[in-house]
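Novice: Got a predicted structure here, sequence first:
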Amino acid sequence: MESFFPAVIGNEKLRRRLATEIREGRFPHAYILAGKDGSGKMTFAMQIAAALACKNPDVLPCGECDSCKKILGGFSPDVLVIRKEDDKKEFSVNLIREIKSGLYIAPNELEKRVYIIEHAELMNASAQNAFLKMLEEPPHYAVFLLLCSNTASLLDTIKSRAPVLYTEVLPQSDVRAYLLEHSPRAREMAATDPSRLTSVLLSAGGSIGNAMFLCEDAEKYDAEKNLVYALLDALTAPAAAGIGMLCDALPTASDALCELLDMLKRAFRDIAVLQKAPTCAPLFFERADRAETYTMKITVARAIALVEAVDRLLADLRLNMDTRLAAVSLIGDMRTIMMN
């Protein structure tokens, strides 16, 4: 029986398409793999790298041959994962130059050399222009897989040479099944506190990575959710009094602030949707009636404007906006929307 990318959950059409390209020798020299954080892009990229080297046409990758074991174990010298330096907000051109310095040296063991660039959207303009030159004239054995959560900051010239593939947002049933198989904490929740597991699934937004994090770091998840409730309470108080005092409570790390904003956006989405479709399943609130406190005070128009404000801020943060400035901007925008 045929099996394609067995470690990848969902994404059936994409899995079949890429497996066909590999089997028929039509896999291109570059793809952009886009999807929300925690959606399994790195897992997918490693599976693709292994499949390109795997000799079993019916199970790509088989996971059993020497090439698969080396690649999936992280030991292959011909599969390189490139990440930005920990203390930097973006990829510098120097990191791209390091890639180029070894690009034209033939692979050590495999027919292909695969470069997996994590958070490719963090390449600055100079880095992207340097990378573009490699995309324009790659050696025949080079394959580039650019992973990103948002393609907006990538140059159009890069996207024209590396087609964009989007990972799916998984249904809750798939995420739940994965959690119950791989997370003891999720199994414990299912047995002792099923409403808590439901809340985790709602907040994960179809992302297995997010769901695993929320299960294993329950204290941080509770703190984030409580902060969203505090923002909603301050926002719906008379004249939005007290909202400014929460500015210092917002995370200073960009990733943490983005996580909080995603959660806040889901809350605003619920507030808008539940006023028009009360039976619709909420994404943030554990139950629809839990949102009633806010639906009575935030109109649909304001809720939509608040979602748009959060979206703009998320886009700015992905372009390396200072997090303190982002926090001040968020508080100001929300107050303005509620006062108008």
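Specialist: Sure, I can see it. Small disclaimer: the values here were computed from a predicted structure and weren't measured.

Novice: Centre of the chain to the helix or strand containing L330, how far?
Specialist: Assigned by DSSP states H and E, L330 belongs to helix 323-339. In this view, helix 323-339 has its centroid 24 Å away from the chain centroid, taken as CA atoms, centre = their mean, to the nearest Å.

Novice: Give me the buried positions along that helix.
Specialist: T323, A326, A327, S329, L330, I331, D333, M334, R335, I337, M338 (16 or more other CB atoms under 10 Å). (Each C-beta comes from the backbone N, C-alpha and C, glycine too.)

Novice: Let me see the mean pLDDT of it.
Specialist: Helix 323-339 carries an average pLDDT of 87.

Novice: just use 25 as the starting number from now, easier for me
Specialist: Will do, 25 is the new start, and the previous item becomes helix 347-363.

Novice: Show which residues not belonging to it make contact with it.
Specialist: 255, 259-260, 263-264, 267-268, 270-271, 274-278, 281, 285, 322, 326, 329-330, 333-334, 337, 340-341 (CB atoms under 8 Å, 6 or more residues apart in numbering).

Novice: Where does the prediction get shaky in the protein?
Specialist: Along the chain, the model assigns pLDDT under 70 to residues 25-26, 110-111, 264-265.

Novice: Show me where it has its strands.
Specialist: Under the criterion DSSP state E, the chain contains strands at 27-28, 54-58, 83-84, 103-106, 137-141, 166-172, 188-190.

Novice: could you redo those as TSV and give each row distance to F308 and mean neighbour count?
Specialist: TSV is the format used below for these (distance: least, CB to CB, whole Å; neighbours: other CB atoms under 10 Å):
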stretch	distance to F308	mean neighbour count
strand 27-28	34	18
strand 54-58	24	21
strand 83-84	38	22
strand 103-106	33	19
strand 137-141	32	24
strand 166-172	25	23
strand 188-190	23	15
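
Novice: Please pick the buried ones from the contacts of helix 347-363.
Specialist: 255, 259-260, 264, 267, 270, 274-275, 278, 281, 285, 322, 326, 329-330, 333-334, 337, 341.

Novice: Can you tell me how far the most centrally placed residue in the chain is from R290?
Specialist: Centroid-nearest residue in the chain, with CA atoms, centre = their mean: D61, separated by 1.5 Å. Per CB to CB, to the nearest Å, D61 is found 15 Å from R290.

Novice: Kindly report the same for I72.
Specialist: Taking CB to CB as the criterion, I72 is separated from R290 by 31 Å.

Novice: the more surrounded of these two?
Specialist: Set side by side, I72 and R290 show more neighbours around I72, with 27 against 20, by other CB atoms under 10 Å.

Novice: How about L203: what's its closest non-neighbour residue?
Specialist: Spatially, and ignoring its direct neighbours in sequence, L203 is nearest to A210 (3.7 Å; CB to CB, 6 or more residues apart in numbering).

Novice: and the one you found, how many neighbours?
Specialist: Neighbours around A210, by other CB under 10 Å: 24.

Novice: Report the contact partners of it.
Specialist: A210 touches R200, L203, L204, L221, V224, A235, C239, counting by CB under 8 Å, 6+ apart.

Novice: which of those residues tops the neighbour count?
Specialist: A235 (27 neighbours).

Novice: Just to check, it is in contact with Q196?
Specialist: No - between A235 and Q196 there is no contact under CB atoms under 8 Å: 9.2 Å.

Novice: Between those two, which contacts overlap?
Specialist: Shared contacts of A235 and Q196, defined by CB under 8 Å, 6+ apart, are found at L225.

Novice: can you name the farthest residue from the center of this structure?
Specialist: P262 (36.2 Å).

Novice: State the distance from it to V324.
Specialist: 21 Å.

Novice: V252 contacts D286, doesn't it?
Specialist: No - using CB under 8 Å, V252 is not in contact with D286, being 10.1 Å away.

Novice: hang on, the earlier thing: how about the contacts made by the residue nearest to the centre of the chain?
Specialist: D61 neighbours (CB under 8 Å, 6+ apart): S173, S231, G233, N234, D279, C282.

Novice: Give me the buried subset of those.
Specialist: The buried subset of the contacts of D61 - by 16+ other CB under 10 Å - is S173, S231, G233, N234, C282.

Novice: follow-up on the earlier one: same list (the contacts of D61) but as CSV, adding distance to E36.
Specialist: Below are those laid out as CSV (distance: CB to CB, whole Å):
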residue, distance to E36
S173, 22
S231, 18
G233, 19
N234, 21
D279, 30
C282, 29
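
Novice: Between these, which sits nearest E310?
Specialist: Nearest to E310 among those, counting by CB to CB, is N234 at 16.9 Å.
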